[in-house]
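*Asks:* Need a 3D model of the sequence below.
(one chain, ligands or ions: 3)
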Amino acid sequence: MGLVILTGFMGAGKTTAGMELGKKLNLPVYDTDQLLEKKYRMSVKEMFAAYGEEKFREFETEMLQHLSEAPAVVTTGGGAVLKEENRHVLKTKGQIFFLYCDFDVLYDRLKEDTARPLLKEKSKDQIEKLYESRLSCYLDGSVKINTTGKTPHDIADDIISRL
Ligand SMILES: Nc1ncnc2c1ncn2[C@@H]1O[C@H](COP(=O)(O)OP(=O)(O)O)[C@@H](O)[C@H]1O
Ligand SMILES: O=C(O)C1=C[C@@H](OP(=O)(O)O)[C@@H](O)[C@H](O)C1
Ligand SMILES: [Mg+2]
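*Replies:* Ligands and ions are numbered 1, 2, ... in the order given. Model prediction:
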């Protein structure tokens, strides 16, 4: 079976649906941001502030490379699939599911957020452009899951039906 990997833009509900999915499949759930926060003993926001995005991406790549292939749910950060190298690693370790919904829904979830450094001081238009610039990375080798109007429970069921 390998890993069941969730990708998608910030706010897509990867972390939330992943926990539900882990419960339903009775599998451990690894959230790469949470693993990094544990390893470096600081929040993602603090990592960006202390080391910058480039270094955070190095930490993230290293984390993905070290993931075991034993059955588990892995929820990635929204930027984890930007590097071809990372997408390759993930594809070899399991099946990638791209969680998507209308951008307006994502934006509503993100507009008050202060924990995601990439959103800081960005307008709605700028965030939408970032989303569009990443789409091809999210689509690469993934099964698309439309989450519009769905609860984390529904999303988990949809993923299970496609396994
Ligand atoms: N299916 C959903 N429907 C409504 N709200 C959701 C759903 N999934 C997640 N959320 C909410 O959206 C926000 C972002 O969810 P999160 O799981 O952290 O997304 P991601 O890990 O993709 O960035 C949280 O406030 C969460 O409670
Ligand atoms: O899209 C991104 O580049 C990022 C997404 C975040 O995770 P979520 O997608 O879980 O918010 C986190 O990894 C970091 O803030 C960078
Ligand atoms: Mg998350």
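
*Asks:* continuing past the biggest helix by length in the chain, what's the next helix or strand?
*Replies:* In the chain, assigned by DSSP state H, the helix with the most residues is helix 124-139. Using DSSP states H and E, the helix or strand that directly follows helix 124-139 along the chain is strand 142-146.

*Asks:* what about stretch 59-77, near ligand 3?
*Replies:* No. Stretch 59-77 is not in contact with ligand 3 by Cβ under 5 Å from the ion; minimum separation 5.8 Å. (Glycine included, C-beta is placed from N, CA and C.)

*Asks:* Which of the residues in that stretch are classified as buried?
*Replies:* Of all the residues in stretch 59-77, those buried under the rule 16 or more other Cβ atoms under 10 Å are Phe59, Glu60, Met63, Leu64, Leu67, Ala72, Val73, Val74, Thr75, Thr76, Gly77.

*Asks:* quick one: the fifth one and Thr75 touch, right?
*Replies:* No. No contact is recorded between Leu67 and Thr75 when judged using Cβ atoms under 8 Å, the distance being 11.6 Å.
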